[in-house]
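Asks: sequence first, then the predicted structure:
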Amino acid sequence: MSTLPRTGHAIAADGTRLAYQWHGTGRPLMLLAGQANDHTWWDRTRGDFPSTITMDYRGTGASDAPDSAYSTTGFADDVIAVLDGLGVGEADVYGTSMGGRVAQWVAARYPDRVRRLVLGCTTPGGKHGVERSNDVRLALARRSSVEARETLTDLMYTPAWRAANPGPYRVLGAHGMPPNAVRGHLVASNGHDAWDVLPEISAPTLVLHGDDDLLAPVANAPLLTERIPDARMHLFAGARHAYFDECRPESSDLVSDFLG
């Protein structure tokens with residue numbers, strides 16, 4: 001794989017500049033990060049795949065941060081804008097956490113653009129989704145404090161894995177996000193509800209989840225699997241929200257095998 005990614009900006013329908021990073025060659029795997037995170041979410045795992053495209057959501061990284069409404073459907077449109085800008089007609093899509101919510105909309109609204117779909121540590125949202133506890137919500141609301149950052153890290157990784165892997169961790173939020181973007185990402189993630197369109201997803205789908213995930217409770221995994229036609233599911237025993245990081249290489253191997 002090339003060590004120098006192809007980078008640049010695509011332009012969304014509203015003129016927002018969206019930063020992208022394309023590593024490797026061949027059929028691309030579009031990797032979508034969690035809420036209020038940029039492409040560095042995938043720093044430890046992108047090298048497990050021969051060709052990946054990542055992006056900085058609006059409001060993160062090198063993308064613009066317009067002071068406008070953010071939503072998971074809007075983020076899905078941004079994903080298509082990036083693929084269009086790169087001349088990619090069809091891609092595999094792998095979204096984790098809020099990225100999994102975005103990926104649901106990409107697959108449902110743009111079925112001809114998604115060959116295979118992987119949904120990790122995510123939820124259908126709305127009244128059918130299983131919500132995180134109020135304690136977790138309070139911890140996330142205080143994400144700028146040292147205590148909250150420690151709580152978030154604990155929600156991501158098991159103590160044993162953290163002891164053996166002291167960091168730095170790339171899944172704790174993008175640096176330098178303006179307040180409007182932080183609020184926008186929170187509203188987008190909390191407002192997600194794709195339940196009604198999940199049966200319309202036609203791409204073969206793999207649902208992955210850690211069975212000790214309190215950030216996006218594991219009960220959401222069977223909901224997605226049962227709602228999406230012919231979806232399959234795998235749970236990682238003892239893993240928390242960042243299973244894709246802690247459970248490497250097993251998780252990446254599962255994804256690679258699924259994508260063929």
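Replies: Received the coordinates, thanks.

Asks: for the longest helix anywhere in the chain, give the mean pLDDT please.
Replies: The longest helix of the chain (DSSP state H) is helix 72-86. For helix 72-86, the mean pLDDT works out to 98.

Asks: chain center to that helix: distance?
Replies: 14 Å (Cα atoms, centre = their mean, to the nearest Å).

Asks: now the strands for the stretch 1-150 of the chain?
Replies: 6-11, 17-24, 29-32, 51-55, 91-96, 114-120 (DSSP state E, counting those that start in this stretch).

Asks: gap between the fourth one and the chain center?
Replies: The chain centre lies 12 Å from the centre of strand 51-55; the measure is Cα atoms, centre = their mean.

Asks: equivalent analysis for the longest one, please.
Replies: Taking Cα atoms, centre = their mean, one finds the center of strand 17-24 at 15 Å from the center of the full chain.

Asks: residue nearest the middle of the chain, spatially speaking?
Replies: Closest to where the C-alpha atoms of the chain average out (Cα atoms, centre = their mean) is Gly99, at 2.4 Å.

Asks: ok, that one touching Met30?
Replies: No. Assessed by Cβ atoms under 8 Å, Gly99 is found out of contact with Met30, at 9.5 Å. Heads up, the C-betas are built off the backbone N, CA and C, glycines and all.

Asks: low-confidence regions, the stretch 51-200 of the chain specifically.
Replies: 139-144 (pLDDT under 70).

Asks: and the helices in it?
Replies: Remark: helices assigned in the stretch 51-200 of the chain by DSSP state H, counting those that start in this stretch are 72-86, 98-109, 134-141, 146-156, 159-164, 179-190.

Asks: what helices or strands is the longest helix of the chain leaning on?
Replies: With contacts taken as 3 or more Cβ pairs under 8 Å, 6 or more residues apart in numbering; DSSP states H and E, helix 72-86 sits against strand 6-11, strand 17-24, strand 29-32, strand 51-55, helix 98-109, helix 179-190.

Asks: now render the strands of the stretch 1-150 of the chain as a markdown table, adding mean neighbour count and distance to Ala239.
Replies: Listed next are the strands of the stretch 1-150 of the chain as a markdown table, based on neighbours: other Cβ atoms under 10 Å; distance: least, Cβ to Cβ, whole Å:
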| stretch | mean neighbour count | distance to Ala239 |
| --- | --- | --- |
| strand 6-11 | 15 | 31 |
| strand 17-24 | 21 | 25 |
| strand 29-32 | 27 | 19 |
| strand 51-55 | 25 | 22 |
| strand 91-96 | 28 | 12 |
| strand 114-120 | 25 | 11 |
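
Asks: closest one to Arg232 among those?
Replies: strand 114-120 (10.4 Å; Cβ to Cβ).

Asks: and among the helices of the stretch 51-200 of the chain, the most buried is which?
Replies: Of the helices of the stretch 51-200 of the chain, the one with the most neighbours on average (mean count of other Cβ atoms under 10 Å) is helix 98-109, at a mean of 28.

Asks: helices or strands up against that one?
Replies: Short answer (3+ Cβ pairs under 8 Å, 6+ apart): helix 98-109 packs on strand 29-32, helix 72-86, strand 91-96, strand 114-120, helix 179-190.

Asks: got a list of contacts for that helix?
Replies: 30-35, 41, 72-73, 75-76, 79-80, 93-95, 113-114, 117-125, 185, 188-189, 192, 194, 197-198, 200-203, 205 (Cβ atoms under 8 Å, 6 or more residues apart in numbering).

Asks: try 7 Å this time
Replies: 32-35, 72-73, 75-76, 79, 93, 95, 113-114, 117, 119-123, 125, 189, 192, 194, 197-198, 200-201, 203 (Cβ atoms under 7 Å, 6 or more residues apart in numbering).

Asks: with stretch 227-242 instead?
Replies: 97, 121, 124, 155-158, 171, 195, 198-199, 201, 204-213, 215-216, 218, 221-222, 224-225, 243, 246-247, 251, 254.
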